[in-house]
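In: here's my sequence, what's the structure:
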Amino acid sequence: MTAAFLDFSKSRGNDLSTPVPALGFLGLKPSDRWCLCASRWQEAFEAGQAPRVVLRATHEGALTFCSLADLKRFAVDLA
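Out: Now for the predicted structure:
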């Protein structure tokens with residue numbers, strides 16, 4: 001997660017940074033890892049707000065929404 005992505009997601013109606021104790025959700029902060037749906041990542045990418053990805057943990061179904069080249073550019077686990 002990045003602060004920019006968390007702000008972007010909140011602006012789109014998905015507040016990931018505010019804790020929800022009743023659900024056991026502590027809220028996310030920059031540098032946390034979180035599973036994103038591919039369509040949200042692509043939306044953030046197109047807005048210039050996409051967070052880095054762990055490509056080895058990304059399901060191949062993400063390629064329905066995202067290009068492999070874009071995912072590779074944002075991958076933290078490629079040498």
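In: how close does the most centrally placed residue in the chain sit to residue 59?
Out: Centroid-nearest residue in the chain, with CA atoms, centre = their mean: residue 36, separated by 4.6 Å. Counting by CB to CB, to the nearest Å, the gap from residue 36 to residue 59 is 11 Å. From N, CA and C alone the C-beta is placed, and that goes for glycine too.
In: most distant residue from the middle of this structure?
Out: Relative to the C-alpha centroid of the chain, counting by CA atoms, centre = their mean, residue 22 is the outermost residue, at 23.5 Å.
In: for that one, give me its contacts.
Out: The contact partners of residue 22, by CB atoms under 8 Å, 6 or more residues apart in numbering, come to none.
In: confirm that it sits in a strand.
Out: No: read with DSSP: H, G, I helix; E, B strand; the rest coil, residue 22 is helix and lies in no strand.
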